[in-house]
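Enquirer: What follows is a predicted structure for the sequence shown.
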Amino acid sequence: MRLTRFTDLALRVLMRLAVEEGDLPTTREVASAMDVPYTHTAKVVAKLQHMGLVEARRGRGGGLTLTGAGRAVSIGGLVRDLEGPGDVVDCEGTTPCPLRSACRLRGALREAQEAFFASLDPLTLPDLVKAPTGPLLVALSPTPAAD
């Protein structure tokens with residue numbers, strides 16, 4: 001199973017926010033620290049905000065912060081939500097598979113996919129940012145601009 005880039009970036013943004021210790025980072029600063037395009041990061045932040053996991057404040061003293069729900073979210077549930085419904089393989093695609101009515105592989109792949117998600121279910125952001133990951137994320141934080 002392979003996660004979409006959107007889900008990967010969402011997880012990295014949340015992990016970065018989970019270790020924030022100083023001023024709230026902006027979307028642009030998070031994008032820079034993660035070395036990803038700002039436009040992609042902005043879309044991810046908007047989705048996470050819509051999901052109630054991130055709060056974004058504008059203006060002086062603004063920035064991004066995790067909500068209580070963001071800190072407690074199940075990583076498995078989050079990945080399920082971000083990846084959306086769907087099978088690992090598309091049996092009904094443009095050229096439907098001739099085995100689709102009696103295929104045992106499709107069910108086996110669905111079970112494997114659910115096992116993948118289930119292995120992530122007990123994890124939360126604090127689990128993902130334990131050392132050595134957390135200190136590395138802090139080190140990636142951009143340094144504040146000099147006045």
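Expert: That came through, no problem. Residues are numbered from 1 along each chain as shown.
Enquirer: Surely E55 forms part of a strand?
Expert: Yes. Counting by DSSP: H, G, I helix; E, B strand; the rest coil, E55 is part of a strand.
Enquirer: Please report how far it lies from I75.
Expert: Relative to I75, E55 is positioned 20 Å away (Cβ to Cβ, to the nearest Å). C-beta coordinates here come from the backbone N, C-alpha and C atoms, glycine included.
Enquirer: what's the neighbour count on R100?
Expert: Residues lying near R100 (other Cβ atoms under 10 Å) number 12.
Enquirer: My error: substitute L123 in the last question.
Expert: For L123, the count of nearby residues is 15 (other Cβ under 10 Å).
Enquirer: you'd agree it is up against I75?
Expert: Yes. Between L123 and I75 there is a contact under Cβ atoms under 8 Å: 4.1 Å.
Enquirer: ok, E114 to Y38 distance?
Expert: E114 sits 35 Å away from Y38, taking Cβ to Cβ as the criterion.
Enquirer: Stretch 47-66: how far from the chain's middle?
Expert: Relative to its chain's centre, stretch 47-66 lies at 15 Å (Cα atoms, centre = their mean, to the nearest Å).
Enquirer: do the same with stretch 94-107
Expert: 31 Å.
Enquirer: How far does it stretch from one end to the other?
Expert: Using Cα to Cα, to the nearest Å, one end of stretch 94-107 lies 20 Å from the other.
Enquirer: which outside residues touch it?
Expert: Residues outside stretch 94-107 that contact it (Cβ atoms under 8 Å, 6 or more residues apart in numbering): 87, 89, 91-92.
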